[in-house]
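Generate a structure from the sequence data that follows.
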Amino acid sequence: MFEAVVTLCLVLGSADCREVLLPGYETPDKAGCEEALIDRPPPEPGAFCKESPPGLDFEDVGAGVFLHRGEIAEPDTDNLGDVSNIAFVIGAQSVAVIDSGSAVWMGEAIWRAIRARTGLPVSHVILTHMHPDHVFGASVFARAGAQVVAHAGLERALADRRENYLESLHSLIGAIPMIGTETVQVEMAVESTTEIDLGGRILSLRAWPTAYTGNDLTVLDPTSGILFTGDLVFAEHTPALDGSLLGWLSVLDELKTLPAKRVVPGHGGPLLDWPQGSEPLESYLNALARDTRAAIAEGQRMGDAVTTIATSQAPHWQLFDAFNRRNATVAFSELEWE
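Numbering: from 1, shown residues only. Sure, this is the predicted structure:
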């Protein structure tokens, strides 16, 4: 397979450059790709055709569902931000992508993985929440004509944090892998529930009240019985609280009532039996709430309390030291006003 790319550089004339994919020009041979560039010239000058590199690794779990498991790690120069789970679902007429990774290079690698399996258009890219490891690859699909779908609160929340997120990722994974990365405009903002038709395959989307974040969205695929939760569910990777602890516990109770047989969490897994797969997360969140309430009742200061809250859970989770103290701080700030 051949594809069209354009070289973008950090500074004009710099050697710090990256070849950025122009989606939609894929053909079996180079001549076909070059002909497509002539017929439909892209706005970027200097586009050329080359053989496509491999796409991101995806596991075929059956029924047209493909899953990528991100590393259980923080973004760095080795993983280049590949630290969250990503999925795509193939219907009879189109494809939906669920989350898009930390940078545009990941969106490109997802696109190639899809093209290796189907020539159907990607009609939707669904973002489960605002965090950068889930949203910054979406521009590839938006450029190709996909509708960007998210919780009604995501666009504003992401806009408020965009510069901090981009600055952090540049520092963590390097400036060159981030070349071409940008945010996208949400075209389908989900306030409660809605459905997406991929052609004989309906995806049910639901926006939740403040829980893990203030803009969590889930996707249920009745055909496979799989629920895509984003970071409303964690496995192995220590949960990271960025919303409301009590809200998260409440939403988790409701998630367990949905007609899903399996769940794709935001991290870990990537496929859990449901509702059994919720048990480790519930245990952690309940320990966080229980220990925080006990510390508040004892009159502990936050700075002291966060060093001990939920530490009994440490053996059960990876990256515990990186996330637990921050979780305890958020929980303390919430529960001291109960």
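
what about the helices in this protein?
Ranges of helices in the chain, per DSSP state H, are 30-39, 104-115, 132-135, 139-143, 154-173, 245-255, 279-297, 302-305, 320-335.

Surely residue 161 touches residue 136?
No. With contacts counted by C-beta atoms under 8 Å, residue 161 stays clear of residue 136, the gap being 11.7 Å. C-betas here are computed from N, CA, C, even on glycine.

With neighbour numbers in mind, choose between the two.
The neighbour comparison of residue 161 against residue 136 (other C-beta atoms under 10 Å) goes to residue 136, with 28 against 14.

ok, the more buried one - contacts?
The neighbourhood of residue 136, defined by C-beta atoms under 8 Å, 6 or more residues apart in numbering, consists of 81, 100-104, 106-107, 165-166, 169, 181-183.

Residue 310 too?
Residue 310 touches 284, 287, 288, 291, 324, 327, 328, counting by C-beta under 8 Å, 6+ apart.

now residue 248
Here residue 248 is in contact with 211, 212, 232, 241, 285 (C-beta under 8 Å, 6+ apart).

So the second one is in contact with residue 241, correct?
Yes. Here residue 212 reaches residue 241: they are 7.2 Å apart, a contact under C-beta under 8 Å.

one step back: so which of the helices of the chain is nearest residue 196?
Residue 196 sits nearest to helix 139-143 of all the helices of the chain, at 13.7 Å, using C-beta to C-beta.

CA atoms of that closest one as CSV?
The C-alpha trace of helix 139-143 is given here as CSV (Å, rounded to 0.1, in the frame of the first residue of the first chain):
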residue,chain,number,x,y,z
SER,A,139,-7.2,15.4,13.6
VAL,A,140,-6.2,12.6,11.1
PHE,A,141,-9.8,11.3,11.1
ALA,A,142,-11.4,14.8,11.0
ARG,A,143,-9.3,15.7,8.0
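
Next, report how far that helix is displaced from the centre of its chain.
15 Å (C-alpha atoms, centre = their mean, to the nearest Å).

which helices and strands does it pack with?
strand 17-27, helix 104-115, strand 122-127 (3 or more C-beta pairs under 8 Å, 6 or more residues apart in numbering; DSSP states H and E).

As CSV, these with mean neighbour count would be great.
Below are these laid out as CSV (neighbours: other C-beta atoms under 10 Å):
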stretch, mean neighbour count
strand 17-27, 20
helix 104-115, 25
strand 122-127, 26
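
if we can go back for a sec, of the contacts of residue 248, closest to residue 29?
When the contacts of residue 248 are compared against residue 29 (criterion: C-beta to C-beta), the nearest one is residue 232, at 44.3 Å.

I figured the closest one hits residue 210, correct?
No. The criterion here is C-beta under 8 Å, and residue 232 misses it with residue 210 at 11.5 Å.

So for those two, which sits in the more crowded spot?
residue 232 (27 against 17).

how far away is that one from residue 169?
Remark: distance between residue 232 and residue 169 (C-beta to C-beta, to the nearest Å) = 23 Å.

And residue 196, by the same measure?
Separation of residue 196 from residue 169 (C-beta to C-beta) stands at 29 Å.

what's the answer for residue 234, then?
21 Å.

in this structure, what spans have low per-residue confidence?
13 (pLDDT under 70).

How about the residue most central in space within it, nearest residue that isn't a chain neighbour?
By C-alpha atoms, centre = their mean, the chain has its centre lying nearest to residue 134, at 2.4 Å. In space, and not counting its chain neighbours, residue 134 is closest to residue 99: 4.4 Å by C-beta to C-beta, 6 or more residues apart in numbering.

How about the contacts made by the one you found?
84, 85, 86, 87, 126, 127, 128, 134, 135, 230, 266.

try it again with 7 Å
Contact analysis of residue 99 by C-beta atoms under 7 Å, 6 or more residues apart in numbering lists 84, 86, 127, 128, 134, 230.

nearest to residue 19, of those?
Comparing the contacts of residue 99 against residue 19 with C-beta to C-beta places residue 86 closest, at 21.4 Å.

Nearest residue to that closest one in space, ignoring adjacent ones along the chain?
The nearest residue in space to residue 86 (C-beta to C-beta, 6+ apart) is residue 68, at 4.3 Å.

Can you tell me how far that neighbour is from residue 87?
In this view, residue 68 and residue 87 are 7 Å apart by C-beta to C-beta.

Equivalent analysis for residue 67, please.
For residue 67, the distance to residue 87 equals 5 Å [C-beta to C-beta].

So if I had to pick from these two, which one is more boxed in?
residue 87 (25 against 20).

which residues touch the closest residue to that one other than its chain neighbours?
Distance criterion C-beta to C-beta, 6+ apart; nearest residue to residue 87, sequence neighbours excluded, is residue 98 at 4.4 Å. Applying C-beta under 7 Å, 6+ apart to residue 98 gives the contacts 86, 87, 88, 126, 128, 219, 228.

Many thanks, I have nothing further to ask.
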